[in-house]
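Visitor: Fold the stuff below for me.
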Amino acid sequence: MTTLLSARDLHAALELRDLSDPADGPHAMQLLLEELLTALTGAWPCTLELQRRRPLVSVEDNYDRLGYAAEDVTRDARYSRYAAETVMLRSHTSAGVPPALRALAATATATATAGADVLLALPGLCHRRDGIDRLHVGTPHQVDLWRIRSGPATGPLDEDDLQQMVELLVGVVLPGALWRTQPARHPYTRSGRQVDVHTARGWVELAECGLAAEHVLAGAGLDPGRWSGLALGLGLDRALMLRKGIDDIRLLRSAEPRIAAQLCDLRPWRPVSSQPPVRRDLSVVVDTPVDDELLGDTVRAALGPAADDLESVHVVTSTGWADLPPAARDRLGLRPDQVNVLLRLVLRPLSGTLTDRRANELRDEVYAAVHRGRHREWAAR
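Guide: Numbering: from 1, shown residues only. This is a model prediction of the structure:
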């Protein structure tokens, strides 16, 4: 039996603002997306189809029709958010690709299209388990960009076309940046690559791409002998942060006037004075295996809106039962199937101040949510 989202959690997820959608209000993310689409359609003789699909998708479209194996760990309810046995909140915008390709196949069949060149753009909000730090969030924005072409006269899209696509993309997001690609495997592409750009902090992943896999095209009703494609997925949050020089992903949703005013354009970020970080280290007992993504998700759920005050949650050390002296095991109430984790919280509100008492209250809320030992130690009680 798949663990399902509660009605409250599902409602909260569906009500979350999609920063990439003008219907939810203006945001710089939309301007960046527009520049990306303009660059691609300006360089290619293709028709743009921008589709905004609902975040509730079939498990088949999110996984099966893209080629994910039945035993793939990403399907586990620890990482995916299921609304029903066969319906989930999409974990990536690639979930919109199979229905978009099916619609393209139906149109091509109905009109007996001899040749077609289409750029499918599928932006939106995704839902997944993720750690808590300056670059990651459990509800990231993505866009899938698939160029699909048919017709024997032009020949199939190939790796040279993919290289041009990456060049155009990097040129928009971070003009003049040094970039590289590394081999990467995706179930829905062949010749897959990861795209990294070089920043002041080192190499940062920007996108994943490859040639559209034949089984994905064929599964949608597009004959791989006549149709070919380029497939690229881009994290819009990361792209916008790189473009503007923002170093904390929480800023993208901030309602603080000095911050929100800068998220209506693509001009370079002007730092807003913030509070100094407050650190709290927690010694907790957790079940194995230890997973940053699951811990991060548990912490978000426990804190609710107050999770916005967390800059990061990081596992410093993890010590198993066999590596602890008996006295420490007894003190912690540790079982052989558990580990003692030193968990570091860094608290820094984007607006307002954080008192020691409030920091301790947040620390205790996190502690109560993640600690699985018999004995408890509170800071604010």
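Visitor: Please make it C-alpha for all contacts and neighbour counts, starting now.
Guide: Noted.
Visitor: ok, for Arg149, nearest residue in space, not its chain neighbours?
Guide: Asp117 (4.3 Å; Cα to Cα, 6 or more residues apart in numbering).
Visitor: tell me the contacts of the one you found?
Guide: Neighbouring residues of Asp117 by Cα atoms under 8 Å, 6 or more residues apart in numbering: 45-47, 147-150.
Visitor: host element of Ala239?
Guide: Using DSSP states H and E, Ala239 sits in helix 236-244.
Visitor: who does Trp227 bridge with?
Guide: Ser150 (DSSP bridges).
Visitor: residues near it, how many?
Guide: 22 (other Cα atoms under 10 Å).
Visitor: got a list of what it touches?
Guide: Counting by Cα under 8 Å, 6+ apart, Trp227 has contacts 148-151, 156, 217.
Visitor: Give me the phi and psi for the residue nearest to Arg149.
Guide: phi -140, psi 110 (degrees, to the nearest 10).
Visitor: Let me know the pLDDT of Glu208.
Guide: According to the prediction, Glu208 has pLDDT 97.
Visitor: That one and Gly192, how far apart?
Guide: 7 Å (Cα to Cα, to the nearest Å).
Visitor: between these two, what contacts are shared?
Guide: Ala184.
Visitor: domain ranges for this structure?
Guide: Listed by automatic domain parsing, the domain ranges of the chain are 7-244, 278-370.
Visitor: Where among these is average confidence lowest?
Guide: domain 278-370 (a mean of 88).
Visitor: Now the terminal residues of that domain, how far apart.
Guide: 20 Å.
Visitor: try stretch 272-280
Guide: 24 Å.
Visitor: okay if I get the contacts of Trp227 as a markdown table plus neighbour count and distance to Val87?
Guide: As requested, these are exported to a markdown table (neighbours: other Cα atoms under 10 Å; distance: Cα to Cα, whole Å):
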| residue | neighbour count | distance to Val87 |
| --- | --- | --- |
| Ile148 | 24 | 27 |
| Arg149 | 21 | 30 |
| Ser150 | 24 | 32 |
| Gly151 | 16 | 36 |
| Pro156 | 19 | 34 |
| Leu217 | 25 | 22 |
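Visitor: picking that back up, distance between the helix holding Ala239 and the chain's centre?
Guide: 13 Å (Cα atoms, centre = their mean, to the nearest Å).
Visitor: Run through the neighbouring helices and strands of it.
Guide: Judged by 3 or more Cα pairs under 8 Å, 6 or more residues apart in numbering; DSSP states H and E, helix 236-244 is in contact with helix 28-43, strand 141-150, helix 159-173.
Visitor: and the angle from it to strand 141-150?
Guide: Between helix 236-244 and strand 141-150, the angle comes out at 100 degrees (axes from the mean of the first three to the mean of the last three Cα atoms, to 10 degrees).
Visitor: Flag every buried residue along helix 236-244.
Guide: Neighbour-count burial for helix 236-244 flags 236-244 (criterion: 16 or more other Cα atoms under 10 Å).
Visitor: same check, this time on stretch 66-84
Guide: For stretch 66-84, by 16+ other Cα under 10 Å, it's 66-68, 74-75, 77-83.
Visitor: could you dump that stretch to CSV, C-alpha only?
Guide: What follows is stretch 66-84 as a C-alpha-only set of coordinates in CSV (Å, rounded to 0.1, in the frame of the first residue of the first chain):
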residue,chain,number,x,y,z
LEU,A,66,9.5,7.8,-19.4
GLY,A,67,11.3,4.5,-18.9
TYR,A,68,11.8,4.4,-15.2
ALA,A,69,12.1,0.8,-13.9
ALA,A,70,9.5,-0.6,-11.6
GLU,A,71,12.1,-1.0,-8.8
ASP,A,72,13.6,2.5,-9.1
VAL,A,73,14.1,3.9,-5.7
THR,A,74,12.7,7.3,-6.7
ARG,A,75,9.2,5.8,-6.9
ASP,A,76,9.3,5.1,-3.1
ALA,A,77,6.8,7.2,-1.1
ARG,A,78,9.8,8.5,0.8
TYR,A,79,10.8,10.5,-2.2
SER,A,80,7.6,10.8,-4.3
ARG,A,81,4.3,12.4,-3.2
TYR,A,82,1.3,10.3,-4.0
ALA,A,83,-2.3,11.6,-3.9
ALA,A,84,-3.7,8.1,-4.9
